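>>> Sequence first, predicted coordinates after that:
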Amino acid sequence: MAFTLAPHQAVEVHTSRSAVLCTVVAGDGTFLGSGERLPLAVGDSVGYEPDEPHGMVAGAHGLRFLAVITPGPSAER
């Protein structure tokens, strides 16, 4: 899935029953999780395990990232 955040837009820290791998493709931002703040720019990636807290805040120029979510959000549980 591709996500685009406007400059300084945030996705609140949350959990998911899926594993998530995020790769920045444009802009930059800070990825949040388990009490840490990880600045990422184009080409950087970060992964989160199922039920691991995660969120993100876009930088001054916005943030576009690809997220591989396994299993996908529509998968039955």
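All right, it came through fine. Numbers count the residues shown, from 1 in each chain.
>>> contacts, neighbours, all on C-alpha from now
OK.
>>> With only the CA atoms kept, save the longest strand along the chain in CSV.
The single longest strand within the chain, with elements called by DSSP state E, is strand 54-70. C-alpha atoms of strand 54-70 as CSV (Å, rounded to 0.1, in the frame of the first residue of the first chain):
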residue,chain,number,x,y,z
HIS,A,54,4.1,2.3,15.5
GLY,A,55,3.2,5.7,13.9
MET,A,56,4.8,8.4,11.9
VAL,A,57,5.1,12.2,11.5
ALA,A,58,5.9,13.7,8.1
GLY,A,59,8.7,16.2,7.7
ALA,A,60,8.5,19.7,6.3
HIS,A,61,8.2,18.5,2.7
GLY,A,62,5.7,15.7,3.4
LEU,A,63,6.2,11.9,3.4
ARG,A,64,5.3,9.2,0.9
PHE,A,65,6.0,5.6,1.9
LEU,A,66,5.2,2.1,0.8
ALA,A,67,4.0,-0.3,3.4
VAL,A,68,4.0,-4.1,3.1
ILE,A,69,1.4,-5.4,5.5
THR,A,70,1.3,-9.1,6.2
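>>> buried residues in it?
For strand 54-70, a neighbour-count test (16 or more other Cα atoms under 10 Å) marks 54-59, 62-69 as buried.
>>> got a list of contacts for that strand?
Counting contacts by Cα atoms under 8 Å, 6 or more residues apart in numbering, the residues outside strand 54-70 that touch it are 1-15, 18-34, 48.
>>> Filter those residues down to the buried ones.
Applying 16+ other Cα under 10 Å to the contacts of strand 54-70 flags 5, 7, 9-10, 15, 18-33, 48 as buried.
>>> which residues touch stretch 16-36?
Under Cα under 8 Å, 6+ apart, the answer for stretch 16-36 is 13, 37-73.
>>> Kindly list the main-chain dihedrals of E12?
phi -60, psi 150 (degrees, to the nearest 10).
>>> I should have written D28 there, sorry.
The phi/psi pair for D28 (degrees, to the nearest 10) is phi -160, psi 170.
>>> Right, I'll call it a day here.
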